[in-house]
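**Q** Could you look at this predicted model? Sequence included:
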Amino acid sequence: MNTHSFSSNSLDLSSDELSVDSSVSVDPTSPVFEPDDGAARPNKGPVSGSSTKGGKLGRQSKHELLHSAVNEEGDMGGDGGMEELPLWKLLLASCGQIGVELAWALEFSMAVPYFQQQIGLSPTISQGLWVFGPISGFVVAPIVGAYSDNLRSRFGRRKPFLVAGLVAVVLFSSIFSNSEFLSSMLGLSSQAMAVFACIAFACNDFSINVSQFPQRALISDMVPPSQQTAAQSMLTVNGALGVLLANGVIGVFPTPVAQAHLVFLVGNIIFAVSIAVTLAFAHDPRTDVADDYTRFHDEPLEAEGAGVVEAGDVEEVPERAPPPSALAACANNFRHILAAVVHLKAAMWKVLAVQALSWFAYFCVLTILTQFMAHVVWQGAEGTPEYETGVKMGSYGQAGRAVVMAAFCFLLPTLARRLGVRLVWGVSLLLLSAILQLLVHVQIKPLAVALVFVLGIPMAASYTFPFALVGGLYPDPSERGLRMGLLNWGITLPQLVDTAYTGALTETWDERAVLFVGSVWAFLSAFSVVFLTEASAVELAPTVHAGH
């Protein structure tokens, strides 16, 4: 273990702040002594103590205990003593993202035609139902992140939410895809059937988000700051694989909309297998031992002595107060989320700004890509062979984009190490702006499809760097889930805003106007990368291991 060694009389633990004797040599870069920006912290963290000779009764803050206490698995809080993992283990530990992205991809491909053809909703209402996606992400991500940060369970912080999300997705996607059968069995009218399907669809959106961000936090918890980029890259690889599998599942069935119940059944099986692989290979230490006292108390346990505080060495543990009620716990988490937003680190706000600007650009292309290929590139009217060919080529382009994104993710850690996160991320966003400008003027059909393929390069960076940076900015695992959930606001808010004006631009001009606006957003996001400070653009990938 890589810890700081102190003599028992080197520290004054009479308050929550450490007083270091001048005779002690301390590394100022240690996470223990890293200045904090005043971010609010929930009542959590390790509760442990040790008795050392000559030590006096004192008190350590929760933040210090996290970075000095050794848990029962022998790992250290923060990044001290945490070993880098081989890429194959990161790939297997993040397999749950396959199921998450597959679930989203099936919804994107199947929901609108299913609502129109099987449920009988109008195109306007069917398209309007997409508002559930960003709303659910905006609400659920930080709440689940906060609860997972503070969860005390022998199964760990994140894994229970992966399982809960899986069960909910299987339930509600099955209800949604069997709406006709269930409505007929229950004797519901066509209007009631439509309401029934819409409720199941909305619940499925919320359920996918329950699994999505604990998966990102889990893979981030497993690695030190030096491997955050590699970990998030492997998660992005699995996400791209999920998109490819979704296209493959849909392609297996001759009439996928009419056979939606079978499409979602196969998708749910893949989702379950991917989560099972993550549960088997991901390390999520139990949090129900030695550290649950401060969950319900404002002050940590007082422990004798100083130095490294061994878990389980507390000689006298005060009688614990009963856990708060569900309502009180909910109120506490809500206050914690508000306080976290108010006290976000300045570097986090900068990452969030780049994230938001880039996704303003992405939603200008992702939401209209197939229509652009059909209407503009192939110049087909709806129902014509040219239109159908354009839609099909747009789907091929999306699949190719996923392949390029997965392949480029294997290069990201090395590029970040050699060139720096800011340069790689900034150049990738400039590439995004150039691609969208070229699509506005493209007249060669194969070139248009190739440009869609190349979109995978900037998307790989955008799916990786923001979460890797947040993982490095918040080494405390009990703070990381909420911050990653808040980072999702940089995706959901642009989606809501873009939805409000892209339709009007398309009706007034055509899809090229939307792509032009997207290129402007992409350029602004590339420019904003310049303002990332060294603290927020720390080198996150000094080494990459292929295996141990």
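**A** Arrived safely.

**Q** the strands in the stretch 301-450 of the chain, which residues?
**A** Counting by DSSP state E, counting those that start in this stretch, the stretch 301-450 of the chain has these strands, from start to end: 303-304.

**Q** could you pull out the helices for it?
**A** With DSSP state H, counting those that start in this stretch as the definition, the stretch 301-450 of the chain shows helices at residue ranges 326-342, 346-366, 369-372, 385-409, 412-419, 421-441, 445-454.

**Q** Relative to Ser94, which of the ones you listed is closest?
**A** helix 385-409 (11.0 Å; C-beta to C-beta). Using the backbone N, CA and C atoms, a C-beta is placed for each residue, glycine as well.

**Q** Identify all contacting residues around the closest one.
**A** 233-234, 236-237, 240-241, 243-244, 247, 369-375, 377-381, 445, 448-449, 452-457, 459-461, 463-464 (C-beta atoms under 8 Å, 6 or more residues apart in numbering).

**Q** mean confidence for that helix?
**A** Averaged over helix 385-409, pLDDT sits at 93.

**Q** again, but for stretch 129-147
**A** Per-region confidence: stretch 129-147 scores 91 on mean pLDDT.

**Q** try stretch 254-274
**A** Over the span of stretch 254-274, the pLDDT mean works out to 95.

**Q** which residues are in contact with that stretch?
**A** By C-beta under 8 Å, 6+ apart, the surrounding residues in contact with stretch 254-274 are 95-100, 102-103, 106, 109-110, 113-114, 117-118, 166, 169-170, 173-174, 176-178, 181, 238, 242, 245-246, 249-250, 252-253.

**Q** Okay, buried residues for that stretch please.
**A** Buried residues in stretch 254-274, defined by neighbour count with 16 or more other C-beta atoms under 10 Å: 256-257, 260, 263-268, 270-272, 274.

**Q** Can you give the distance of that stretch from its chain's centre?
**A** 24 Å (C-alpha atoms, centre = their mean, to the nearest Å).

**Q** what's the distance between Leu412 and Gln215?
**A** For Leu412, the distance to Gln215 under the criterion C-beta to C-beta, to the nearest Å works out to 18 Å.

**Q** what's the answer for Leu469, then?
**A** Computed as C-beta to C-beta, the Leu469 to Gln215 distance reads 18 Å.

**Q** Please apply the same query to Val195.
**A** 31 Å.

**Q** Which one of those two is surrounded by more residues?
**A** Neighbour tally, Val195 and Gln215, criterion other C-beta atoms under 10 Å: the higher count belongs to Gln215, 29 against 14.

**Q** per-residue confidence for that one?
**A** At Gln215 the predicted local distance difference test score is 95.

**Q** Secondary structure element holding it?
**A** Here Gln215, judged by DSSP states H and E, is contained in helix 190-221.

**Q** So, low pLDDT: which residues of the stretch 1-150 of the chain?
**A** Counting by pLDDT under 70, the stretch 1-150 of the chain has low-confidence residues at 1-81.

**Q** Kindly apply the preceding question to the stretch 151-300 of the chain instead.
**A** In the stretch 151-300 of the chain (pLDDT under 70), the answer is 288-300.

**Q** 50 - rerun?
**A** Applying pLDDT under 50 to the predicted model, the residue ranges of the stretch 151-300 of the chain that meet it are 290-300.

**Q** how near is Glu382 to Gly390?
**A** In terms of C-beta to C-beta, Glu382 sits 10 Å off from Gly390.

**Q** likewise Ser462?
**A** 26 Å.

**Q** for Leu493, same thing?
**A** 31 Å.

**Q** Settle it for me: which of these two has more neighbours?
**A** Shown here are Leu493 and Gly390; by other C-beta under 10 Å, Gly390 has more neighbours (24 against 17).

**Q** Look up how far Leu102 lies from the more buried one.
**A** For Gly390, the distance to Leu102 (C-beta to C-beta) stands at 25 Å.

**Q** Tell me which residues touch Ser462, please.
**A** Taking C-beta under 8 Å, 6+ apart, one finds Gln355, Ser358, Trp359, Tyr362, Trp425, Ser428, Leu429 in contact with Ser462.

**Q** And Phe467, by the same measure?
**A** By C-beta under 8 Å, 6+ apart, the residues touching Phe467 are Arg216, Ser220, Gln228, Gln232, Leu235, Met484, Leu487.

**Q** What helix or strand is the third one located in?
**A** Going back to what we said before, that points to Gln228. Under the criterion of DSSP H and E, Gln228 resides in helix 228-252.

**Q** what's the angle between that helix and helix 421-441?
**A** Comparing the axes of helix 228-252 and helix 421-441 via axes from the mean of the first three to the mean of the last three C-alpha atoms, to 10 degrees yields an angle of 30 degrees.

**Q** Pull out the buried positions in helix 228-252.
**A** By neighbour count, and taking 16+ other C-beta under 10 Å as the criterion, the buried residues in helix 228-252 are 228-247, 249-250.

**Q** so how far is it from its chain's centroid?
**A** Taking the mean of its C-alpha atoms, helix 228-252 sits 14 Å from the chain's own mean (C-alpha atoms, centre = their mean).

**Q** and if you look at stretch 451-466?
**A** On the basis of C-alpha atoms, centre = their mean, stretch 451-466 is displaced by 16 Å from the centre of the chain it belongs to.

**Q** Only the C-alpha atoms, please, for that stretch, written as CSV.
**A** Output in CSV follows, covering the C-alpha atoms of stretch 451-466 (Å, rounded to 0.1, in the frame of the first residue of the first chain):
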residue,chain,number,x,y,z
LEU,A,451,-18.9,11.0,-43.4
VAL,A,452,-21.5,9.3,-41.2
PHE,A,453,-18.9,6.6,-40.5
VAL,A,454,-16.3,9.2,-39.4
LEU,A,455,-18.8,10.7,-36.9
GLY,A,456,-17.7,7.7,-34.7
ILE,A,457,-14.3,9.5,-34.0
PRO,A,458,-15.7,12.6,-32.2
MET,A,459,-18.5,10.6,-30.6
ALA,A,460,-15.9,8.2,-29.1
ALA,A,461,-14.2,11.2,-27.4
SER,A,462,-17.5,12.7,-26.2
TYR,A,463,-18.6,9.5,-24.7
THR,A,464,-15.3,9.0,-22.9
PHE,A,465,-13.5,12.2,-21.8
PRO,A,466,-16.2,14.0,-19.8
